[in-house]
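Student: Fold the following.
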Amino acid sequence: MNIDLSSPDILEAKEAAKIWGVSEGYVRKTMSQNPDKFPKGTARKFGKQWVVTAKGMEKATGKKDPRKN
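Tutor: Residues are numbered from 1 along each chain as shown. As a prediction, this is how the structure comes out:
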């Protein structure tokens, strides 16, 4: 399976939070308190950095990707 890391659908959690209008710690906090909000494979921690997909943010927040409006 090839994953395109330059895809705009793969985001650093801080950037995703800004786009979706949630707190900077939203991904970290949600993953620790309610990880089922993010479908499997849509959020992952690399070292100290959380990475999330647009699909994961849509499911977790219940909001469509604001960049696509």
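Student: got a list of what the residue nearest the centre of the chain touches?
Tutor: Centrality entry for the chain: nearest residue to the mean C-alpha point is residue 52, 3.0 Å, by Cα atoms, centre = their mean. Contacts for residue 52 (Cβ atoms under 8 Å, 6 or more residues apart in numbering) come out as 10, 11, 13, 16, 27, 38, 42, 43, 44. Every residue, glycine included, has its C-beta placed from N, CA and C.
Student: Can you list which of these are found in strands?
Tutor: The strands, defined by DSSP state E, take in 10, 11, 43, 44 from these.
Student: so what's the first one closest to, chain neighbours aside?
Tutor: The shortest distance from residue 10 to any non-neighbouring residue, by Cβ to Cβ, 6 or more residues apart in numbering, is to residue 53 (5.9 Å).
Student: Give me the phi and psi for that neighbour.
Tutor: With angles defined as degrees, to the nearest 10, residue 53 sits at phi -90, psi 160.
Student: thinking again about what came up before, quick one, which of the ones in strands among the contacts of residue 52 are buried?
Tutor: 10, 11, 43 (16 or more other Cβ atoms under 10 Å).
Student: Take those residues and write them to a markdown table, including pLDDT and distance to residue 2.
Tutor: Shown next, in a markdown table, are those (pLDDT from 0 to 100; distance: Cβ to Cβ, whole Å):
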| residue | pLDDT | distance to residue 2 |
| --- | --- | --- |
| 10 | 96 | 13 |
| 11 | 96 | 19 |
| 43 | 96 | 20 |
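Student: Helices of the protein, residue ranges please.
Tutor: Applying DSSP state H to the chain gives helices spanning 13-20, 26-33, 54-61.
Student: pull the CA atoms of the second one into PDB?
Tutor: So that's helix 26-33. Written as PDB, here are the backbone C-alpha positions of helix 26-33 (Å, rounded to 0.1, in the frame of the first residue of the first chain):
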ATOM      1  CA  TYR A  26      -8.500  18.300  20.700                       C
ATOM      2  CA  VAL A  27      -6.900  15.200  19.000                       C
ATOM      3  CA  ARG A  28      -4.700  14.300  22.000                       C
ATOM      4  CA  LYS A  29      -7.500  14.800  24.500                       C
ATOM      5  CA  THR A  30     -10.100  12.900  22.400                       C
ATOM      6  CA  MET A  31      -7.600  10.000  21.800                       C
ATOM      7  CA  SER A  32      -7.000   9.700  25.500                       C
ATOM      8  CA  GLN A  33     -10.600  10.100  26.600                       C
END
